[in-house]
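Novice: Could you work out the structure for the sequence below:
(one chain, ligands or ions: 2)
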Amino acid sequence: MYICPVCKKRLKKLDNVWHCQNGHSFDIARKGYVNLLTTNKRNPKNCGDNAEMVKARTEFLDKGYYLPLALRIAQKAGKAISEISSPIVIDSGCGEGFYTCVYANELEKAKVFGIDISKAAVSHCMTRVHTGLVNNCEFAVASSFELPFGDNTADLIISTFAPVSNDEYARVLKSGGKLIVTSPSARHLFELKSAAYDEPYENKPNRYGLNKFELTDEEIFEYKKLLTSTEDILDLFSMTPYLYKTSAQGVERLKALKELEVTCGFCIQLYTKVYGN
Ligand SMILES: C[S@@+](CC[C@H](N)C(=O)[O-])C[C@H]1O[C@@H](n2cnc3c(N)ncnc32)[C@H](O)[C@@H]1O
Ligand SMILES: [Zn+2]
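Specialist: Residues are numbered from 1 along each chain as shown. Ligands and ions are numbered 1, 2, ... in the order given. Below you'll find the predicted structure:
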């Protein structure tokens with residue numbers, strides 16, 4: 001399934017190494033993932049979430065606050081690929097693997113590939129694989145803007161709160177392939193922003209410029225969750241971009257909270273690749 005990031009030829013696995021016919025090779029790390037970022041793309045400024053961000057994300061996700069979302073996406077994914085006997089699914093920008101493992105468990109017939117540009121995140125995906133006994137997924141360090149997969153090879157790409165690539169997704173998806181993109185809804189975490197900011201604002205819809213796709217379904221999926229400790233509130237806060245925009249007083253206000261009911265709100269969009277792309 002993987003292609004060489006250097007020459008784009010197909011990679012074959014021999015022992016613990018992926019090789020292409022032109023002699024490029026990529027070792028499988030001890031934890032079981034492969035790093036398919038070429039050395040010149042390993043820019044420390046653009047290497048995705050760092051270990052601290054991955055830890056905060058894991059601690060929060062493991063409490064299950066976003067499990068309803070993961071299951072909802074998996075349900076939509078299952079419908080989108082229901083006609084295909086052995087579907088190939090890619091979770092692009094998979095983070096630390098919480099969602100990817102839910103998809104793998106729910107989509108038993110599928111082979112699920114998770115890719116993320118962050119090595120710390122992908123390494124944690126493998127911890128999830130080993131502890132959760134998931135056997136239908138594989139993980140690689142790679143960029144969503146240079147996917148390590150051949151043309152017309154995937155049935156479904158899922159992108160959740162991660163960068164989206166019109167050209168790469170259209171290249172990698174088969175004809176009629178599906179794409180599920182999830183982003184925060186207008187009211188997502190509004191209560192957290194109300195606690196941190198003097199003038200909270202609603203999120204604006206994301207525009208992805210997906211002109212090689214047709215939007216076939218859109219759902220605003222919202223539910224409330226009660227965060228029951230200051231720690232959970234701060235973990236959630238550190239997963240958001242508000243981390244960088246909040247004043248010291250705003251952070252102090254959050255630290256004083258013992259619980260907070262928040263709206264978890266998501267816009268889940270289903271796209272179909274337009275014929276000819
Ligand atoms: C907000 S997180 C979402 C992760 C995961 N989908 C989730 O919801 O838990 C965004 C992820 O995109 C990754 N990322 C950023 N730029 C990327 C790129 N060019 N290619 C692949 N992943 C990227 C980050 O490392 C991070 O794991
Ligand atoms: Zn090669």
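
Novice: which stretches of this protein have low pLDDT?
Specialist: Across the chain, the ranges flagged by pLDDT under 70 are 39-46.

Novice: Can you pull up the residues of it that come close to ligand 2?
Specialist: By the criterion of CB under 5 Å from the ion, the positions of the chain lying close to ligand 2 are Cys4, Val6, Cys7, Cys20, Asn22, His24. C-beta: built from backbone N, CA, C; applies to glycine.

Novice: which stretches of this structure form strands?
Specialist: 12-14, 17-19, 25-27, 34-35, 88-92, 111-116, 137-141, 154-160, 173-184, 213-227, 260-273 (DSSP state E).

Novice: helices or strands next to the last one in the packing?
Specialist: In terms of contacts (3 or more CB pairs under 8 Å, 6 or more residues apart in numbering; DSSP states H and E), strand 260-273 is packed against helix 67-80, strand 173-184, helix 190-196, strand 213-227.

Novice: May I see the strands of the chain arranged in TSV, with distance to Ser194 as well?
Specialist: Below are these laid out as TSV (distance: least, CB to CB, whole Å):
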stretch	distance to Ser194
strand 12-14	51
strand 17-19	49
strand 25-27	47
strand 34-35	41
strand 88-92	32
strand 111-116	31
strand 137-141	37
strand 154-160	25
strand 173-184	15
strand 213-227	14
strand 260-273	9
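
Novice: Distance to ligand 1 and mean neighbour count for the ones you listed - can I get that in TSV?
Specialist: Converted to TSV, the strands of the chain look like this (distance: least, CB to the nearest ligand atom, whole Å; neighbours: other CB atoms under 10 Å):
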stretch	distance to ligand 1	mean neighbour count
strand 12-14	22	11
strand 17-19	19	17
strand 25-27	17	15
strand 34-35	13	19
strand 88-92	6	27
strand 111-116	5	27
strand 137-141	9	24
strand 154-160	4	24
strand 173-184	8	21
strand 213-227	14	14
strand 260-273	10	20
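
Novice: So which of the ones you listed is nearest Leu236?
Specialist: Nearest to Leu236, of all the strands of the chain, is strand 213-227, at 6.5 Å by CB to CB.

Novice: Send me the closest one as PDB with only the CA atoms.
Specialist: The C-alpha trace of strand 213-227 is given here as PDB (Å, rounded to 0.1, in the frame of the first residue of the first chain):
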ATOM      1  CA  PHE A 213     -15.100  16.900  -4.400                       C
ATOM      2  CA  GLU A 214     -18.800  17.300  -4.100                       C
ATOM      3  CA  LEU A 215     -20.300  17.800  -0.700                       C
ATOM      4  CA  THR A 216     -22.900  15.000  -0.300                       C
ATOM      5  CA  ASP A 217     -23.900  15.300   3.400                       C
ATOM      6  CA  GLU A 218     -23.400  17.600   6.300                       C
ATOM      7  CA  GLU A 219     -24.400  17.200   9.900                       C
ATOM      8  CA  ILE A 220     -24.000  19.500  12.900                       C
ATOM      9  CA  PHE A 221     -23.500  17.000  15.700                       C
ATOM     10  CA  GLU A 222     -23.700  18.500  19.200                       C
ATOM     11  CA  TYR A 223     -23.900  17.200  22.700                       C
ATOM     12  CA  LYS A 224     -23.100  18.500  26.200                       C
ATOM     13  CA  LYS A 225     -20.400  17.000  28.600                       C
ATOM     14  CA  LEU A 226     -19.700  17.900  32.200                       C
ATOM     15  CA  LEU A 227     -16.000  18.300  32.800                       C
END
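
Novice: Check what contacts it and list those residues.
Specialist: 65, 68-69, 72, 76, 166, 169-170, 179, 185, 187, 233, 236, 259-274, 277 (CB atoms under 8 Å, 6 or more residues apart in numbering).

Novice: now do stretch 52-63
Specialist: 49, 66, 95-96, 98, 118, 120-121, 124, 232, 235-236, 238-239.

Novice: Which ones among these map onto helices?
Specialist: Among the contacts of stretch 52-63, the ones falling in helices (DSSP state H) are Phe98, Ala120, Ala121, His124, Asp232, Asp235, Leu236, Ser238.
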